[in-house]
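Undergrad: Got a predicted model here, sequence first, then my questions.
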Amino acid sequence: MTLARSSRRYFDPRFDATIITVAPGEHEITSAKDEIVATVLGSCISVCMRDPQAGVGGLNHFLLPKNNGGSDTHAGERYGDTAMEVLINGLMKRGARRNQLEAKVFGGARVLSGATMLAIGEGNITFVNEFLAREGIPVVSKDVGGTRSRRIHYQPSTGRAWVQHVQQAARDPEREQELAYLNRLKTQPVAGEVEIW
C-alpha cells in the first residue's frame, strides 16, 4: 500500500532552486544540484543526511521517537525509529554508502504546553543522538532544543543547511499543526513498511 505524499515543489528565486517541502511523517531524497528540501519543526526532529561522495541526500520529519505499539512492524515515518531506517535505506538505494553518511539534526523545541507535551522534544533529541551514535553516523552540525519553531532548508548536493528560528505568535499555525498531527496519531492506524538492514 502506497500512501499519498503531501510534499509540494515550487521554485524559490532566493535560493535559485526548486524547494521540496516535507510534511510530518514523510521524507524526501534528492541528488539534483538545484533542489532543496525544506520543512518546519516544533518538537519534531528532522535529520538531514547525505553521502557527500555519492552526491545524494535527504531529510525526514518525525514527531515521536519510537513506535511503542507493540508488535506492529508497519510503523509509519511518524516515528523516529522507522523514519531513520526509511531515510537510510532510501539513500542506499540511490547509491549512498552507509560508512560515508553524515547527518545534521534540527528541532526538538518545547513549543507545546502541558507536562507530557514538554517531554516530546527532549525525548526526540535523546532518541536521535543515541540512534546516530549506535549506527556510527557522525553528526556534523545540529541545532536542537529551545522554545522556538524552526524553518529548515537543506541542500543535499552541498550539505548546506539554513535554519530560521521562528518567533512564537499568539496564534502559531506550526504549533497548531503539530498538535493536530499528534492527536491524529492517537486515532489513525499505522501504515507503511520499512526494511531493516
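TA: Sure, I can see it.
Undergrad: make it CA atoms for all contacts and neighbour counts henceforth
TA: Fine.
Undergrad: Go ahead and measure how far whichever helix or strand Lys142 is part of is from the middle of the chain.
TA: Per DSSP states H and E: Lys142 is located in strand 139-144. Distance, stretch centre to chain centre, for strand 139-144: 13 Å (C-alpha atoms, centre = their mean, to the nearest Å).
Undergrad: Gln53: how many residues sit nearby?
TA: If you count neighbours by other C-alpha atoms under 10 Å, Gln53 ends up with 12.
Undergrad: picking that back up, name the helices or strands packed onto the strand holding Lys142?
TA: On a contact count with 3 or more C-alpha pairs under 8 Å, 6 or more residues apart in numbering; DSSP states H and E, strand 139-144 meets strand 102-107.
Undergrad: Pull out the buried positions in the strand holding Lys142.
TA: Of the residues in strand 139-144, 139, 144 count as buried by neighbour count, 16 or more other C-alpha atoms under 10 Å.
Undergrad: Just give the strands next to it in its sheet, each with its orientation.
TA: According to DSSP bridges, strand 139-144 forms sheet pairs with strand 102-107 (parallel).
Undergrad: ok so, going back, extract the C-alpha trace of the strand holding Lys142 and format it as CSV.
TA: Only the C-alpha atoms of strand 139-144 are listed here, as CSV (Å, rounded to 0.1, in the frame of the first residue of the first chain):
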residue,chain,number,x,y,z
VAL,A,139,26.6,14.5,13.4
VAL,A,140,28.4,17.3,11.6
SER,A,141,26.0,20.0,12.8
LYS,A,142,22.9,20.4,15.0
ASP,A,143,20.5,23.0,16.3
VAL,A,144,18.1,21.4,18.8
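Undergrad: so after it, what's the next helix or strand?
TA: strand 149-155.
Undergrad: so how far is that next one from its chain's centroid?
TA: For strand 149-155 - counting by C-alpha atoms, centre = their mean - the centre lies 10 Å from the chain centre.
Undergrad: With stretch 131-144 instead?
TA: For stretch 131-144, the distance to the chain centre is 13 Å (C-alpha atoms, centre = their mean).
Undergrad: just for this protein, where's the confidence low?
TA: 1-7, 69-75, 113-118, 168-197 (pLDDT under 70).
Undergrad: could you show me where the helices are in it, in order?
TA: Assigned by DSSP state H, the chain shows helices spanning 80-93, 115-135, 173-187.
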